[in-house]
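Participant: Build me a structure from this.
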Amino acid sequence: YKPHPSTGKGRGGWVRPTSPISEEELALLTVPKIAELLRTDWTPVKLHELNKAADFLAPINPEGLSDTIKTDFLKRPKEYLNAATLFFDRDTLSPHYTYAFLRMIPESFKDNILDPSETEWTPLIKLFSAIKKADGTTPLEPLEGSSEFHAWVAGWKSVYSTEAELLTSLLHKHCDLSVFRADIVNIIEHLLRNPDPTPAEEIIPSGAKKESSTINDPYSIAINSVRGKAFETFVAFTQEDWNQSEKRGKAEIAADIKLIYESLLKAETTRAIRFLFGKDLAFFYSRDKVWISNLMPQIFTPKANDNHLYLASWEGYLSTTLYSTLFFPDEFQRLYIRGLHISTENDPRRNYFTDPCEGLGTHIGLAFGHFDEFTMTNPLFIEFWTKGNSRQQAAFITAIGSSIFSNHNSKENEVLKEKPETLKKIELFWDWL
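Facilitator: Below you'll find the predicted structure:
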């Protein structure tokens, strides 16, 4: 008898996904051949069958294969892009490979491997259009990703999110996509109709009781959702379309863009996307004041049962830079007065990206410190200091201190030198307070 430990030998380490083919072998294949193998020999199921128990730290899976393909993609990106439509097939190609392909493209922008402004994007736009067309007949499934094969495999939700991010990136890089305008409008409309996010997804479960659950902050949900990312694409597209109309001699927001905006606003029921309407209000208002002014009652709904949506739009608006053009008009002055009477204590479960009380106080404090026209005789100023709460007023003081007098503000001396009357104005306020 020889003594031995009661437990057997163990093995530990980092799990590193691997590929069924080496980089050197992959480089010998044409891109169409690679796309064919993704449908046949390299499906998630077939890759899973290649694994052995002894290889649990180096599983062969779609993630490992995608990494190998990415390395090859970066060596010949134009070959892959020219074959973009081969990386989508709802019946034979896993959405993980469509997702992985789209994620490879922004990587090629780094180190100038690929110049976006000098690239032919027709095949990619055709890929996006094919996805839209396929989803328009019968919804693409599965929507969510899974770990069915002991490795994460992307679903169509990840494809849609990456599609929106990539299109936004191309628009921000000022690629001339004007020839694809009609296609892009349709693609954006499709993404904005995506069910993600839903109102239910805004709630963070906490125990069995509903009242113990919390509501996540709207911006965090928005930037991680398909419709939220698509809204950012929509804004980027509106900017580029505006630039094109300006070149033609008449800068304007096109009628079809307005229709998309109004349709989404009417249908939207989540705090997350309503937050974005407030956040990007200045962008749209500065380009068409009359149009947005007429939509203000819908953006900041007066209906009592929609108060949570109004609050989300208001929070989004308060989270952005203060502009005098969006502060002094009567419709905005009324908004600030309405905001004075909001109590976040009525909904203690709700988390905020920007606390409405503090955000409002910050805006009014910045306006008082930087806008000469906003004086102590302004009705909003008077109501703020007679009916506002202590948190709002504390944020007012903090905003003045941090934006004008803080040691961390390198421009503080410039403000006071250029506008010595600002210091006098603040001294009068302090004496009055």
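
Participant: so where's the stretch 201-350 of the chain uncertain?
Facilitator: 205-213, 304-305, 344-348 (pLDDT under 70).

Participant: mind listing what's buried in the longest helix anywhere in the chain?
Facilitator: For the chain, the longest helix by residue count, based on DSSP state H, is helix 226-247. Within helix 226-247, the residues scored as buried using 16 or more other C-beta atoms under 10 Å are 226-238, 240-242. In short, each C-beta sits where N, CA and C put it, glycine included.

Participant: In contact with residue 230, which residues?
Facilitator: Residue 230 sits next to 160, 164, 188, 191, 192, 194 when contact means C-beta atoms under 8 Å, 6 or more residues apart in numbering.

Participant: Helix or strand next in line after the longest helix of the chain, which one?
Facilitator: Using DSSP states H and E, the helix or strand that follows helix 226-247 in sequence is helix 255-267.

Participant: now, which of the contacts of residue 230 sits nearest residue 330?
Facilitator: residue 192 (31.2 Å; C-beta to C-beta).

Participant: Relative to residue 191, how far out is the closest residue to that closest one other than its chain neighbours?
Facilitator: Among residues not flanking residue 192 along the chain, residue 230 sits closest, at 4.9 Å (C-beta to C-beta, 6 or more residues apart in numbering). Distance of residue 230 to residue 191, given as C-beta to C-beta, to the nearest Å: 4 Å.

Participant: hey, what's in contact with both of those two?
Facilitator: 160, 164.

Participant: Just say helix, strand or coil for the closest residue to residue 240 other than its chain neighbours.
Facilitator: Excluding its sequence neighbours, the residue lying closest to residue 240 (C-beta to C-beta, 6+ apart) is residue 171, at 5.2 Å. Put simply, residue 171 is helix when judged by DSSP: H, G, I helix; E, B strand; the rest coil.

Participant: From residue 181, how far out is residue 171?
Facilitator: 12 Å.

Participant: and the two? which has more neighbours close in?
Facilitator: Set residue 171 next to residue 181 and count neighbours by other C-beta atoms under 10 Å: residue 171 wins out with 21 against 15.

Participant: Pretty sure that one sits against residue 236.
Facilitator: Yes. Residue 171 is in contact with residue 236 according to C-beta atoms under 8 Å; the separation is 3.9 Å.

Participant: Next, count neighbours for residue 332.
Facilitator: 21.

Participant: Also the one 4 residues further on?
Facilitator: Using other C-beta under 10 Å as the criterion, residue 336 is surrounded by 18 other residues.

Participant: So which other helices or strands are in contact with whichever strand or helix holds it?
Facilitator: In this structure, residue 336 sits in helix 330-340 according to DSSP H and E. When contacts are defined as 3 or more C-beta pairs under 8 Å, 6 or more residues apart in numbering; DSSP states H and E, helix 330-340 sits against helix 289-299, helix 307-318, helix 356-370, helix 379-387.

Participant: list the helices and strands the third one packs on?
Facilitator: What that stands for is helix 356-370. helix 307-318, helix 330-340, helix 379-387, helix 390-400, helix 420-432.

Participant: what do you get if the cut-off is 7 Å, keeping everything else the same?
Facilitator: helix 307-318, helix 330-340, helix 390-400 (3 or more C-beta pairs under 7 Å, 6 or more residues apart in numbering; DSSP states H and E).
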